[in-house]
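Student: Got a predicted structure here, sequence first:
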Amino acid sequence: MKRIFFSFALLLSCACLRVTAQKKALPEEAKMNAFITALMGKMTLTEKIGQLNLLTPGGGVATGAVVSTDVEAKISSGKVGGLFGVIGVDKIRQAQELAVTHSRLKIPLLFGSDVIHGYKTSFPIPLGLSCSWDMGLITRSARLAARESAADGLSWVFSPMVDIARDPRWGRVAEGSGEDTYLGAKIAAAMVKGYQGNHLGDGNSVMACVKHFALYGAAEAGRDYNTTDMSRIKMYEYYLPPYKAAVDAGAGSIMTSFNEIDGIPASANRWLLTDLLRKQWGFKGMVVTDYTSINEMIDHGLGDLATVSALALKAGVDMDMVGEGFLTTLERSLKTHRVSIADIDAACRRILEAKYKLGLFEDPYRYCNKAAAATEIRSNEQLQAAREFGARACVLLKNEKQVLPLKKTGTIALIGPLANNKNNMLGTWAVNGDPQLSVPVLTGMKQAAGNAVNILYAKGANISDDTSFAKKVNVFGERIDIDSRSPADMLSEAVNTAAKADVVVAVVGEASEMSGEAASRSDIGIPESQRKLIQALAQTGKPLVLVVMSGRPLTLNMENEVAAAMLQAWFPGQEAGNAIADVLFGAYNPSGKLTMSFPRNVGQIPIYYNHKNTGRPQPEGPTQKFRSNYLDVENDPLFPFGYGLSYTTFKYDHLTLSAVRMSSQQSVDVAFTLTNTGSYAGEEVVQLYLRDPVASVTRPVKELKDFQKVLLQPGESKQLHFTIDKEKLSFFNSKLQWEAEPGSFDVMIGASSADIRLKAKLELQ
């Protein structure tokens, strides 16, 4: 009897523990729901709609033709839910005071900004940072950006951009993580975790806003804001997973994209915003449009402002960025039954929930801490991180005869329009950074070289000689400066300078605003002015090192032929010069690997590694007639996805699989040995690719399924392991079901998508 009683008591105790755990898990949500329900009970219809209104008062970098008017009056009357483009503790506090002291219900505002790669301390552009393949580093970059922006009054960042992009003509590839779904999903989750930290509302975490939902990276012809069209399988398999990963990581908000999906613009697409995002994926956060995208649906052909605003609300949009279609039309649309009060209430509630989770109702000035701003903004920790991130973003594309690292002796000619330039070091979308605080390459090189090296400098060329092109690029300030000297005089000076040196380092590429939003290019080569400079420098016979800055993959055929070494530096950020000098002089051994393929010419675009075979694939060897190929160029890119050199070399061998057959309930261990066979300590990104040669739907020639970044000392070996399970073998079939089909799979391990070192077969039974 005692034993029975004890067992019952134990069960009762366990049940109580479960109830207690549930009570501990639920009270905060219940408390939030009760608070918001009570608040909404006091709100007028106008005040509810006001929460759906996101404005910018101007003064920052606007990405549309509209800037909000009468902002102060609208805040005071409860007609604004949030602001962006307001920067600094004092200005944000002033605007917040209007809301919490002048509006009837004292509802605090959200304050957001485009914090894309660092806040006031600019880090490498996201495409560059993705080339580190280092999830810890990427999370840390977002955490540091969150701390710095939160210290300056912000609670919301319009980042990360997780759009998969296979067309480098599209300028916004600079903001993303490249062409691969698996890697892109990992980075999306890492960024969200970095921004939001352990708990929203802790004072140094900010709410992430994942963009652009959805498929924005597939804009036709690489032209920004253009139409997107694709099959559901392609959508589910390649383009949607990074958004899903960000949602699963707990992202608090989502931003709609400008493009259409299945003929319906994203901001009016109920299948996208409600059926997929909320019902299938379980997203509980708020949805905001991109800049005036509701209004722009008029030009898409969906109707007048009242019509498109009603469509957006019904689709699942909560907040209207700048366009004020909700503010000016929803009351009328409610009367004409285009929308319901339930639609308005749902959107209002989700915005209020975001503010509650950020702690703004508890303390509207939680993010307005001048002491924190003084210690956090451009702190030594932030600057040191920017330098480290800049070096780790670099990708070594070529290094003949080990020209790099440079010796700290002799004479170096440092030449090029980007060699002693502050205006372009931050890259695109560094809206809160100050270019004049950046470290130019010349400064970094001199500081790293010491007294034993004589560094001679010449500009050599303008970024571009085309004044009309320069005018388009210089919208946000001078990025292409046209020198008062003639191109011939500058070129002559550069050649004479090179003649005096042992080695020539030329810093060339794009201006920062030649990529980014509204910066699509049909010709993605280095401008002609710089190409002439590169050719002239090559003809001097001196070893030529090219440091390439860009926000996208460029076509570098000629450059690759004439240069002894090429370093793709992207736009490294505030510490650009120091980071590049660290790599060039060997203080850091480059370990970056490309996350986007570099085409040989624009005719190959779109180009990506995980393409499918046609029924007439071009086999290895000479070009064959009646096969899928070009007459004038090979199919392969100049530099493939996953590619990147090191100052050392690595050997892959001793591949073993724990089993060559597995069931769907099992997993297989893949083991191999990696050895540093060179004379420098270095990091290698080892990559696991799989191929399903026979399936119910056609599959790519290979797919990245895992990777590791490994540091090895000279001569050191490590046994590395990957695990292959059913998840890694699964794909979306024709019914959009995520399944793994029995059959044989190719297992490939390599240094890039084109450099497969080890192969094996695995059968799923």
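Tutor: Nice, I can see it.
Student: make it CA atoms for all contacts and neighbour counts henceforth
Tutor: Fine.
Student: Quickly note the distance from the residue sitting nearest the centre point of the chain to residue 611.
Tutor: Compute the mean C-alpha point of the chain, and by Cα atoms, centre = their mean the closest residue is residue 176, 2.9 Å away. From residue 176 over to residue 611 the distance is 20 Å, taken as Cα to Cα, to the nearest Å.
Student: neighbours around the closest residue to residue 167 other than its chain neighbours, how many?
Tutor: Counting by Cα to Cα, 6 or more residues apart in numbering, the nearest residue to residue 167 once its immediate chain neighbours are dropped is residue 606, at 4.9 Å. By other Cα atoms under 10 Å, the residues close to residue 606 number 17.
Student: from memory residue 606 sits against residue 166, does it?
Tutor: Yes: counting by Cα atoms under 8 Å, residue 606 sits close enough to residue 166 to count as a contact (5.5 Å).
Student: Distance-wise, check the residue lying closest to residue 172 once chain neighbours are set aside relative to residue 571.
Tutor: Leaving aside its sequence neighbours, residue 172 sits nearest to residue 516 (Cα to Cα, 6+ apart; 4.4 Å). The gap separating residue 516 from residue 571 is 12 Å, by Cα to Cα.
Student: Same question for residue 697.
Tutor: Taken as Cα to Cα, the span from residue 697 to residue 571 is 40 Å.
Student: Of these two, which one has the most company?
Tutor: The neighbour count for residue 697 versus residue 571, taken as other Cα under 10 Å, is higher for residue 571 (33 against 10).
Student: Would you mind listing the residues in contact with the more buried one?
Tutor: 124-125, 128, 424-427, 512, 549-551 (Cα atoms under 8 Å, 6 or more residues apart in numbering).
Student: if you set the cut-off to 7 Å instead, what comes out?
Tutor: By Cα atoms under 7 Å, 6 or more residues apart in numbering, the contact list for residue 571 reads 124-125, 425-427, 549-551.
Student: before we move on, what about residue 530?
Tutor: 461, 463, 508.
Student: What is the neighbour count of the first one?
Tutor: Same thing as residue 461. Neighbours around residue 461, by other Cα under 10 Å: 31.
Student: Tell me how many other residues crowd residue 373.
Tutor: 21.
Student: which SS state does it fall under?
Tutor: What DSSP: H, G, I helix; E, B strand; the rest coil gives for residue 373 is helix.
Student: Touching, it and residue 152? I think so.
Tutor: Yes: the criterion here is Cα atoms under 7 Å, and residue 373 meets it with residue 152 at 5.3 Å.
Student: which of the contacts of residue 571 are buried?
Tutor: 124-125, 425-427, 549-551 (16 or more other Cα atoms under 10 Å).
Student: Let me know the closest of those residues to residue 719.
Tutor: Nearest to residue 719 out of the buried ones among the contacts of residue 571 is residue 124 (Cα to Cα; 32.2 Å).
Student: So what does that closest one look like in phi/psi?
Tutor: When read as degrees, to the nearest 10, the backbone of residue 124 gives phi -60, psi 150.
Student: How much space separates it from residue 647?
Tutor: 22 Å.
Student: can you check residue 477 too?
Tutor: For residue 477, the distance to residue 647 - Cα to Cα - is 38 Å.
Student: neighbour-wise, which of those two wins?
Tutor: residue 647 (22 against 11).
Student: Neighbours of residue 381, how many?
Tutor: 11.
Student: pLDDT score for it?
Tutor: pLDDT recorded at residue 381 is 98.
Student: swap in the one 3 residues further on?
Tutor: Reported pLDDT at residue 384 in the predicted model: 98.
Student: Who are the contact partners of it?
Tutor: No contacts exist for residue 384 under Cα under 7 Å, 6+ apart.
Student: Repeat that for residue 192.
Tutor: So residue 192 contacts 208, 246, 249, 251 (Cα under 7 Å, 6+ apart).
Student: Looks like the second one contacts residue 188 (just checking).
Tutor: Okay, so that is residue 246. Yes: using Cα under 7 Å, residue 246 makes contact with residue 188 at a distance of 5.3 Å.
Student: Now do the helices in the stretch 51-200 of the chain.
Tutor: Taking DSSP state H, counting those that start in this stretch, the helices of the stretch 51-200 of the chain run over residues 71-76, 89-97, 126-130, 135-151, 181-196.
Student: Mind giving me the packing neighbours of the fourth one?
Tutor: Think helix 135-151. In terms of contacts (3 or more Cα pairs under 7 Å, 6 or more residues apart in numbering; DSSP states H and E), helix 135-151 is packed against helix 181-196, helix 370-376.
Student: what about the ones you listed, which gets the closest to residue 651?
Tutor: helix 181-196 (23.6 Å).
Student: re the thing from before, could you single out the nearest of the buried ones among the contacts of residue 571 to residue 140?
Tutor: Closest to residue 140, out of all of those and judged by Cα to Cα, is residue 124, at 13.0 Å.
Student: which residue sits closest to the closest one in space, ignoring its chain neighbours?
Tutor: residue 572 (4.0 Å).
Student: what about the one you found, how many residues close to it?
Tutor: 35.
Student: Which helix or which strand is home to it?
Tutor: Counting by DSSP states H and E, there is no helix or strand that carries residue 572.
Student: So it sits against residue 126, correct?
Tutor: No: Residue 572 is not in contact with residue 126 according to Cα under 7 Å; the separation is 9.8 Å.
Student: quick one on the thing from earlier: please name the residues that touch the residue nearest to the centre of the chain.
Tutor: With Cα under 7 Å, 6+ apart, residue 176 has these contacts: 126-127, 161-163.
Student: Same check on residue 394?
Tutor: 567-569, 590, 592.
Student: Turn these into TSV, including distance to residue 642.
Tutor: Listed next are the contacts of residue 394 as TSV, based on distance: Cα to Cα, whole Å:
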residue	distance to residue 642
567	15
568	14
569	16
590	14
592	9
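Student: Need those in TSV (columns: neighbour count and distance to residue 182).
Tutor: Formatted as TSV, those follow (neighbours: other Cα atoms under 10 Å; distance: Cα to Cα, whole Å):
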residue	neighbour count	distance to residue 182
567	24	26
568	24	23
569	28	24
590	27	23
592	31	17
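Student: between these, which is nearest residue 133?
Tutor: residue 592 (7.2 Å).
Student: you'd agree that closest one is up against residue 391?
Tutor: No: when contacts are counted by Cα under 7 Å, residue 592 is not listed as touching residue 391 (8.8 Å).
Student: This completes my enquiry, with thanks.
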